[in-house]
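Engineer: Okay, here's the prediction I keep looking at, along with the sequence it came from:
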Amino acid sequence: MDGTVIDVRVFCREGVEKDQRSNEIEVAEIDAVRKDLKDQLRIMETDIFNRVQSYSSIKSQNRKKVLKIDKDYLENLKKKMV
């Protein structure tokens with residue numbers, strides 16, 4: 001049998017204590033996933049806010065009033081979301 005090993009994962013049985021290296025690997029994987037999620041969220045938020053900001057104004061359907069959306073408005077909105 002010939003082949004190339006690409007990735008090896010070692011799984012521990014339930015109830016068996018993990019050694020220090022296994023714990024470190026698990027923590028590193030969790031940190032990587034968290035970082036990826038934060039990056040994806042940041043990218044999506046930036047894209048959405050840039051799209052909204054590109055529109056100079058939005059007309060309300062109920063009124064003839066025009067809502068101005070500028071950088072300050074978006075920053076305040078971003079702070080309220082957090």
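Structural biologist: Happy to help now that I have it.
Engineer: From residue 24, how far off is the residue nearest the centre of the chain?
Structural biologist: If you average the C-alpha coordinates of the chain and look for the closest C-alpha using Cα atoms, centre = their mean, you land on residue 41, 2.7 Å from that point. When Cβ to Cβ, to the nearest Å is the yardstick, residue 41 and residue 24 sit 26 Å from each other. Every C-beta, even on glycine, is put in place using the N, C-alpha and C of the backbone.
Engineer: could you give the mean pLDDT of stretch 27-39?
Structural biologist: Summarised as a single mean, pLDDT over stretch 27-39 is 95.
Engineer: which stretch of helix or strand covers the residue nearest to the centre of the chain?
Structural biologist: Residue 41 belongs to helix 20-54 when elements are defined using DSSP states H and E.
Engineer: Who are the packing partners of that helix?
Structural biologist: helix 71-81 (3 or more Cβ pairs under 8 Å, 6 or more residues apart in numbering; DSSP states H and E).
Engineer: Check which helices and strands the helix it packs on sits against.
Structural biologist: Using 3+ Cβ pairs under 8 Å, 6+ apart as the contact criterion, the elements in contact with helix 71-81 are helix 20-54.
Engineer: still on that earlier bit, can you give me the buried ones in the helix holding residue 41?
Structural biologist: residue 49 (16 or more other Cβ atoms under 10 Å).
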